[in-house]
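>>> Okay, sequence plus prediction incoming.
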Amino acid sequence: QVQLVESGGGLVQAGGSLRLTCAASARTFSTYAMGWFRQAPGKEREFVARIRWRAGTTGYADSVKGRFTISRDNAENTVYLQMNSLKPEDTAVYYCASQTYLSSYYYTNIAAYDYWGQGTQVTVSS
C-alpha cells in the first residue's frame, strides 16, 4: 500500500510562487510515474503535470506549461511541483498521484493512476 502526502499549499497573490511537495511512503516504494492533478470547485479533476520516475521525462498541461515545473527526488521518494507566475485560475485543490505501471490510459487520464494523496489547497488572489 502506498501513501501519498501533499504539503506546501496556501494563499498567494497573483504572480507569486508556491512549491508543492508529495512524499510517498511504502515498505518498498516503486512506481512508473508520478503526477499532479487539480480540482477547482464545481469542476472535474484535471491533469497538471507528470514525471516518469526513472527516466525523469515530463509532461504538462498547456495551461501550466512554462510556469510549473515537476521534479522528483528518487532517494527520498518525493515529487515536487514548483508553481510560478500563479494566476487566480490556478486556485484548486492539488493532488499527487502514483502511476504504478505503464497504463493503457494516457497519462493525462485519472484512470492511469493507482494511488492518490488527500490534496492540498492552493488559493491565488487577484
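Done, it's in. Numbering: from 1, shown residues only.
>>> now the residue nearest to Lys43 when sequence neighbours are not counted: how far from Glu76?
Excluding its sequence neighbours, the residue lying closest to Lys43 (C-beta to C-beta, 6 or more residues apart in numbering) is Ala92, at 7.9 Å. Any C-beta I mention is one placed from the backbone N, CA and C, and that applies to glycine too. Plainly put, Ala92 is 25 Å away from Glu76 if you go by C-beta to C-beta, to the nearest Å.
>>> So for the residue most central in space within the chain, what's the pLDDT?
Nearest residue to the geometric centre of the chain (C-alpha atoms, centre = their mean): Trp36, 1.8 Å. pLDDT recorded at Trp36 is 98.
>>> Which strand or helix spans it?
Element membership of Trp36 [criterion: DSSP states H and E] is strand 33-39.
>>> May I have the strands that pair with the next helix or strand after that strand, each with its orientation?
Using DSSP H and E, the next helix or strand after strand 33-39 towards the C-terminus is strand 46-52. Sheet pairing of strand 46-52 (DSSP bridges) gives strand 33-39 (antiparallel), strand 58-60 (antiparallel).
>>> what about strand 46-52, average pLDDT?
For strand 46-52, mean pLDDT rounds to 98.
>>> Dump it to PDB, keeping only the CA atoms.
The C-alpha trace of strand 46-52 is given here as PDB (Å, rounded to 0.1, in the frame of the first residue of the first chain):
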ATOM      1  CA  GLU A  46      -7.700  17.800 -14.300                       C
ATOM      2  CA  PHE A  47      -4.200  16.800 -15.200                       C
ATOM      3  CA  VAL A  48      -1.400  19.300 -14.400                       C
ATOM      4  CA  ALA A  49       1.900  17.600 -14.800                       C
ATOM      5  CA  ARG A  50       3.600  14.200 -14.800                       C
ATOM      6  CA  ILE A  51       7.100  12.800 -14.400                       C
ATOM      7  CA  ARG A  52       8.400   9.300 -15.200                       C
END
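>>> how far out from the middle of the chain is that strand?
Distance of strand 46-52 from its chain centroid, counting by C-alpha atoms, centre = their mean, to the nearest Å, is 6 Å.
>>> which parts of it are buried?
Residues of strand 46-52 classed as buried by neighbour count (16 or more other C-beta atoms under 10 Å): Phe47, Val48, Ala49, Arg50, Ile51, Arg52.
>>> Perfect, that will be all.
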